[in-house]
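J.: My questions are about this predicted structure, shown below with the sequence.
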Amino acid sequence: MATEEIQFSGVSATPGLSIADKLDNEIASLRDQVESLKRDLKLQTTTLLTSSSTLQLLRENTSKRPKSRKNTVLRSAELLAKADEQAAHKQQCLYRTCAPITTFKVRDPDPNAVDNGSVLGLRFEIMYKARFLRPYYVMLNRPYPNSRRLRIHRHTVPQCIPLPGLSARYLSPPTAKADDDDEDGAVKKQDLPAFVRALRRELVRYHNRTAVIGDLRSEAGLEKKPRKEVEVPIVDISAADAQAKQIRVEWGDGRSGRLVINDDGDIVKMVAQGENGQDREAVRQLLGGSARVEEVVGRLGEA
């Protein structure tokens, strides 16, 4: 029986993939293009709507109110309302970007709360993949008698963040010998600004590492992006620990590897294991001399 070669618009037919797989890849590619076009359309519409010339034209249409253009006036009023909403959204995003750490006061309703229920709240804004996440909160109070030292009361920080260590370093409790008012040099003062900066740095680093793992999965074809036709594909990339400092890599032929990175995304070490023990060739093919994990993402994208 003669075989017929089938050519699709985005993926060429090869013996490596079946027709059904090629169709799935083509559909996934088209869906990605549609989502990208929708995002571009929304961005361009917002840009035009909030421009000064467009706003001036809309205000003129709504102020004159000619009878023959009633529909135009109503449409202009709707567009002005959307422009006001977008301006408020832009202002909020600008504030969250320029003021990623804010403080506020809270009153603990518990009648037996320490320090008459006074609580200092810290709000941390984190951006992940061009979107603001739900803010993280840390609540502080003063439970120590005759001392103004702070202690963590409640928080929403992930367990993988070394919050107890940061608290012990920057928000040390008072000693038995002296309190905050003592001028003894042995008493270590609390440093709330340093604690806040260190905590936000840990939060940003953690989300950057998880974002890079997501980029690795996408470039390897493990997400919506169509998988590239390679000799031995990568079948799984995931975090191997809670802090996302170790990345697990698994190939289709049974090989597995562990990529270790530091807080800032620099590659510390990678080891791959195959049927015959340690596989240095797999490490060389994946890393290729990369010093940072972002460079590995670029290599997967070029493969």
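T.: Alright, I've got the coordinates. Residues are numbered from 1 along each chain as shown.

J.: can you pull the contacts of Arg200?
T.: With contacts defined as Cβ atoms under 8 Å, 6 or more residues apart in numbering, Arg200 is in contact with Pro100, Ile101, Phe124, Ile126. Using the backbone N, CA and C atoms, a C-beta is placed for each residue, glycine as well.

J.: ok so Ala242 is a strand residue?
T.: No. Assigned with DSSP: H, G, I helix; E, B strand; the rest coil, Ala242 falls outside any strand and is coil.

J.: next one: phi and psi at it?
T.: Dihedral pair for Ala242: phi -70, psi -30, per degrees, to the nearest 10.

J.: what does Arg201 give?
T.: Per-residue torsions, Arg201: phi -60, psi -40 (degrees, to the nearest 10).

J.: Could you check how many residues crowd around it?
T.: Arg201 has 13 neighbours, counted by other Cβ atoms under 10 Å.

J.: Over to Glu78?
T.: Glu78 has 12 nearby residues by other Cβ under 10 Å.

J.: what about it, which helix or strand?
T.: helix 70-98 (DSSP states H and E).

J.: immediately after that helix, which helix or strand?
T.: With DSSP H and E, the next secondary element past helix 70-98 is strand 101-107.

J.: what packs against that next one?
T.: If contacts are counted by 3 or more Cβ pairs under 8 Å, 6 or more residues apart in numbering; DSSP states H and E, strand 101-107 sits against strand 118-124.

J.: who does the helix or strand following the strand it packs on pair up with?
T.: Counting by DSSP H and E, the next helix or strand C-terminal to strand 118-124 is strand 127-128. Strand pairing for strand 127-128, using DSSP bridges, gives strand 131-132 (antiparallel).

J.: where does the stretch 51-200 of the chain dip in pLDDT?
T.: 58, 60-74, 76, 176-187 (pLDDT under 70).

J.: just to revisit the earlier point, ok and the helix holding Glu78 relative to strand 101-107, angle-wise?
T.: Angular relation of helix 70-98 and strand 101-107 on a 0 to 180 degree scale: 90 degrees, by axes from the mean of the first three to the mean of the last three Cα atoms, to 10 degrees.

J.: Check the offset of helix 70-98 from the chain's centre.
T.: Distance, stretch centre to chain centre, for helix 70-98: 26 Å (Cα atoms, centre = their mean, to the nearest Å).

J.: Which residues are in contact with the residue nearest to Ile126 when sequence neighbours are not counted?
T.: Nearest residue to Ile126 in three dimensions, chain neighbours excluded: Leu133, at 4.9 Å (Cβ to Cβ, 6 or more residues apart in numbering). Leu133 makes contact with Ile126, Met127, His207, according to Cβ under 8 Å, 6+ apart.

J.: sorry, back to before: helices or strands up against the helix holding Glu78?
T.: Here helix 70-98 touches helix 19-49, helix 52-64, going by 3+ Cβ pairs under 8 Å, 6+ apart.

J.: again, only using 10 Å
T.: helix 19-49, helix 52-64, strand 127-128, strand 131-132 (3 or more Cβ pairs under 10 Å, 6 or more residues apart in numbering; DSSP states H and E).

J.: who wins for proximity to Gly289 among the ones you listed?
T.: In terms of Cβ to Cβ, the element of the helices and strands packed on helix 70-98 nearest to Gly289 is strand 127-128, at 29.0 Å.

J.: just to revisit the earlier point, ok, of the contacts of Leu133, which come out buried?
T.: Ile126, His207 (16 or more other Cβ atoms under 10 Å).

J.: just the contacts of Leu133 now: which is nearest Ala272?
T.: His207 (26.9 Å).

J.: quick one: the helix holding Glu78 to strand 118-124, angle?
T.: Using the same axes, to 10 degrees: helix 70-98 against strand 118-124 is 110 degrees.

J.: partner residues bridging the residue positioned nearest the centre of the chain?
T.: In the chain, the C-alpha nearest the mean C-alpha coordinate belongs to Tyr128, at 2.2 Å (Cα atoms, centre = their mean). Here Tyr128 sits in beta bridges with Arg131, as judged by DSSP bridges.

J.: Which residues are in contact with it?
T.: By Cβ atoms under 10 Å, 6 or more residues apart in numbering, the residues touching Tyr128 are Val204, His207, Asn208, Thr210, Ala211, Gly214.

J.: cool, Asp215 as well?
T.: Lys129, Glu223, Ile237, Val293, Glu294, Val296, Val297, Gly298, Leu300, Gly301.

J.: Quick check: the fifth one vs Tyr206, distance?
T.: Here Glu294 is placed at a distance of 16 Å from Tyr206 (Cβ to Cβ, to the nearest Å).

J.: Between the two, which has more neighbouring residues?
T.: Neighbour comparison, Glu294 and Tyr206: the larger count goes to Tyr206, with 20 against 15 (by other Cβ under 10 Å).
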